[in-house]
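J.: Give the three-dimensional model of this entry:
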Amino acid sequence: MDALKVIEGGDVNTLMADLGRRARIAAQRVALASAEEKNAALRAMAICIRAHERAILAANAEDLADARDKGQSGAFIDRLVLNPERLEAIAEAVESVAELPDPVGRMLAKFERPNGLKIERVATPLGVIGVIFESRPNVTADAGALCLKAGNAAILRAGSESFRTSLAIAEAMREGLEQTGFPADAISLVPTRDRAAVGAMLSGLQGSIDVIVPRGGKSLVARVQEEARVPVFAHLEGLNHVYVHGKADLEMAKAIVLNAKMRRTGVCGSAETLLVDNACSGTHLKPLVTALLDAACAVRGDEAVQAADPRVTAATEEDWRTEYLDAIISVRVVEGLDEAIAHIESYGSHHTDSIVTEDEAAAERFLAQVDSAIVLHNASTQFADGGEFGFGAEIGIATGRMHARGPVGVEQLTSFKYRIRGSGQTRP
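T.: Here you go, the predicted model:
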């Protein structure tokens, strides 16, 4: 197999330019592949991930040891850790992408002009997609699989914390590609921890990269948006809210709030702020806060929330703007739907926000007026996941407004072109 060789030091720009050239050549092969060929490659990649379990978990153990030595938080460790069950879930996610309809070649529109020209708008691959991510090794498999399914090549840059694990997963996937007749360079992981590689990717690698997808914290995404010379599918932090409306069912609210915050605190769909309507605060606030505290979640709140339980600490202005990615939540009492929406607009990241209420009119207003990529009624924010949308997997949650928004799956990783058929028409 054409293995990726880890390179430390040396001319990073030359390394990256070569990586880009090889990815561009591979993209030309992938773009012309049939659905059957791509699906066979995806299934082979899943088989290889399973076959390389021992090597992948050994690499992960080294990454985890480094993370613990550096004193990383429990939530960070949770994002990084792999075990046989999680690795099997990664392999299954790759297989699930094979089961999706092929997004390439979809007829998006078809019409005929009065002059007889027949015009079709057809989905096409984007080309070479650069993905820059931090501590989640599963992104290696998700991103590689989705890019391949959409007819693209992928250049993946993992964070230093997950470097060994991501490299081992990428090697397994490249083996699956070669077994099915694809160039291994259709999925490449940047083989260096040198941060200069990120700058090289943001430059576009001399025209080799068509789109950049950042998946990580605020500082990473901000850098990408500031420096990128190619289009960006921005994945901002998940500063997500659950708003418990005055007409919310208490038991439903408790179940949703606990799941939204505590199911997995380190994922981007985790709720970071709870807003409780003053209209129900007398009956709902204390039970909700107590349930969170009893679940070992630290609560930071305003004066009304602090009065509900002595274990609550005072929230600062910064808390309303913080993505904790940990067992911490900020809680505030608001005066009605308008104030809840205003708070979300002021402090949120346009990622995922939920309302809990039995009032359908209030729910419809919330769904219409909250300008987030994902808005929910009576459901946990943890459904912010491409797999839960039926997309098989996701490359990230796009929080911008151009081209892709919400879970970025195979359809969002395509562009389109116009095919026009004539019978000798010329323009007067």
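
J.: Where do the strands of the stretch 1-150 of the chain begin and end?
T.: Remark: strands assigned in the stretch 1-150 of the chain by DSSP state E, counting those that start in this stretch are 107-112, 118-125, 128-133.

J.: Can I get those in JSON lines including distance to Ser219, mean neighbour count and mean pLDDT?
T.: Glycine gets a C-beta too; all of them are placed from N, C-alpha and C. Formatted as JSON lines, the strands of the stretch 1-150 of the chain follow (distance: least, C-beta to C-beta, whole Å; neighbours: other C-beta atoms under 10 Å; pLDDT from 0 to 100):
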{"stretch": "strand 107-112", "distance to Ser219": "37", "mean neighbour count": "10", "mean pLDDT": "97"}
{"stretch": "strand 118-125", "distance to Ser219": "31", "mean neighbour count": "17", "mean pLDDT": "97"}
{"stretch": "strand 128-133", "distance to Ser219": "12", "mean neighbour count": "28", "mean pLDDT": "94"}
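
J.: can the ones you listed go into JSON lines with extra columns for distance to Thr290?
T.: Below are these laid out as JSON lines (distance: least, C-beta to C-beta, whole Å):
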{"stretch": "strand 107-112", "distance to Thr290": "51"}
{"stretch": "strand 118-125", "distance to Thr290": "51"}
{"stretch": "strand 128-133", "distance to Thr290": "37"}
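
J.: of all the ones you listed, which lies closest to Pro231?
T.: Nearest to Pro231, of all those, is strand 128-133, at 10.3 Å by C-beta to C-beta.

J.: Kindly format the C-alpha coordinates of that closest one as CSV.
T.: The C-alpha trace of strand 128-133 is given here as CSV (Å, rounded to 0.1, in the frame of the first residue of the first chain):
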residue,chain,number,x,y,z
VAL,A,128,-10.8,18.5,-3.7
ILE,A,129,-12.1,19.3,-0.3
GLY,A,130,-9.8,20.2,2.6
VAL,A,131,-11.0,19.4,6.0
ILE,A,132,-9.3,20.8,9.1
PHE,A,133,-10.4,19.3,12.4
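
J.: what's next to that strand, contact-wise?
T.: With C-beta atoms under 8 Å, 6 or more residues apart in numbering as the test, strand 128-133 has contacts from 20, 23-24, 27, 139, 143, 147, 152-159, 198, 201, 205, 208-216, 220, 224, 230, 395, 413.

J.: Which among these count as buried?
T.: 20, 23-24, 27, 139, 143, 147, 152-159, 198, 201, 205, 208-216, 220, 224, 230, 395, 413 (16 or more other C-beta atoms under 10 Å).

J.: Among those, which are located in strands?
T.: Per DSSP state E, strands hold the following members of the buried ones among the contacts of strand 128-133: Ala153, Ala154, Ile155, Leu156, Arg157, Val211, Ile212, Val213, Pro214, Arg215.

J.: Dump the residues you listed to TSV, plus distance to Gly406.
T.: Formatted as TSV, those follow (distance: C-beta to C-beta, whole Å):
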residue	distance to Gly406
Ala153	24
Ala154	20
Ile155	24
Leu156	22
Arg157	23
Val211	16
Ile212	18
Val213	13
Pro214	16
Arg215	14
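
J.: could I get these as TSV with distance to Val331 and pLDDT?
T.: Converted to TSV, these look like this (distance: C-beta to C-beta, whole Å; pLDDT from 0 to 100):
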residue	distance to Val331	pLDDT
Ala153	45	98
Ala154	40	98
Ile155	42	98
Leu156	38	97
Arg157	37	96
Val211	38	93
Ile212	36	93
Val213	33	89
Pro214	30	88
Arg215	28	80
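
J.: What is the nearest of the residues you listed to Ser188?
T.: Checking these one by one against Ser188 (C-beta to C-beta), the nearest turns out to be Ile155, at 5.2 Å.

J.: can you pull up the bridge partners for that closest one?
T.: Gly130, Ser188 (DSSP bridges).

J.: how close does Ala109 get to Phe416?
T.: Ala109 sits at a distance of 9 Å from Phe416 (criterion: C-beta to C-beta, to the nearest Å).

J.: Now do the shared contacts for those two.
T.: Counting by C-beta under 8 Å, 6+ apart, the residues touching both Ala109 and Phe416 are Arg121.

J.: Give me the three-state assignment for the residue nearest to Glu358 when sequence neighbours are not counted.
T.: The shortest distance from Glu358 to any non-neighbouring residue, by C-beta to C-beta, 6 or more residues apart in numbering, is to Lys247 (4.9 Å). Classification of Lys247 using DSSP: H, G, I helix; E, B strand; the rest coil returns coil.

J.: Might one say that Pro407 is in contact with Ile397?
T.: Yes - assessed by C-beta atoms under 8 Å, Pro407 is found in contact with Ile397 at 5.8 Å.

J.: Pick out whichever of those two has more residues nearby.
T.: Per other C-beta atoms under 10 Å, whichever of Pro407 and Ile397 has more neighbours is Ile397, with 28 against 22.

J.: what's the pLDDT at the more buried one?
T.: Ile397 carries a pLDDT score of 84 in this model.

J.: Enumerate every residue touching it.
T.: Applying C-beta under 8 Å, 6+ apart, the residues contacting Ile397 are His235, Gly238, Cys268, Gly269, His351, Thr352, Ala373, Ile374, Ala384, Gly406, Pro407, Val408.

J.: how about a cut-off of 7 Å?
T.: Residues near Ile397 by C-beta atoms under 7 Å, 6 or more residues apart in numbering: His235, Cys268, His351, Ala373, Ala384, Gly406, Pro407.

J.: residues of the helix or strand that contains Ala255 that come out buried?
T.: Per DSSP states H and E, Ala255 falls inside helix 250-262. Buried residues in helix 250-262, counted by 16+ other C-beta under 10 Å: Ala253, Lys254, Ile256, Val257, Leu258, Asn259, Ala260, Lys261, Met262.

J.: Quick one: residues in contact with it.
T.: 242, 244, 270-271, 274, 283-284, 287-288, 291-292, 295, 297, 327, 329, 354, 356, 378-382.

J.: Which of the residues you listed are buried, as a ChimeraX select command?
T.: Only the buried entries of those go into this ChimeraX selection, using 16+ other C-beta under 10 Å:
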select :242,244,270,271,274,284,288,291,292,297,327,329,354,356,378,379,380,381,382
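
J.: quick one on the thing from earlier: using PDB, write out every CA atom in the helix holding Ala255.
T.: Output of helix 250-262 as PDB, limited to C-alpha atoms (Å, rounded to 0.1, in the frame of the first residue of the first chain):
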ATOM      1  CA  LEU A 250     -42.400  19.700  33.000                       C
ATOM      2  CA  GLU A 251     -41.500  16.000  32.600                       C
ATOM      3  CA  MET A 252     -40.800  16.400  28.900                       C
ATOM      4  CA  ALA A 253     -38.700  19.500  29.700                       C
ATOM      5  CA  LYS A 254     -36.600  17.600  32.200                       C
ATOM      6  CA  ALA A 255     -36.000  14.700  29.900                       C
ATOM      7  CA  ILE A 256     -35.000  17.000  27.000                       C
ATOM      8  CA  VAL A 257     -32.800  19.300  29.100                       C
ATOM      9  CA  LEU A 258     -30.900  16.400  30.700                       C
ATOM     10  CA  ASN A 259     -30.400  14.700  27.300                       C
ATOM     11  CA  ALA A 260     -29.400  17.900  25.500                       C
ATOM     12  CA  LYS A 261     -26.800  18.700  28.100                       C
ATOM     13  CA  MET A 262     -25.600  15.400  29.600                       C
END
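
J.: Fine by me, we can end here.
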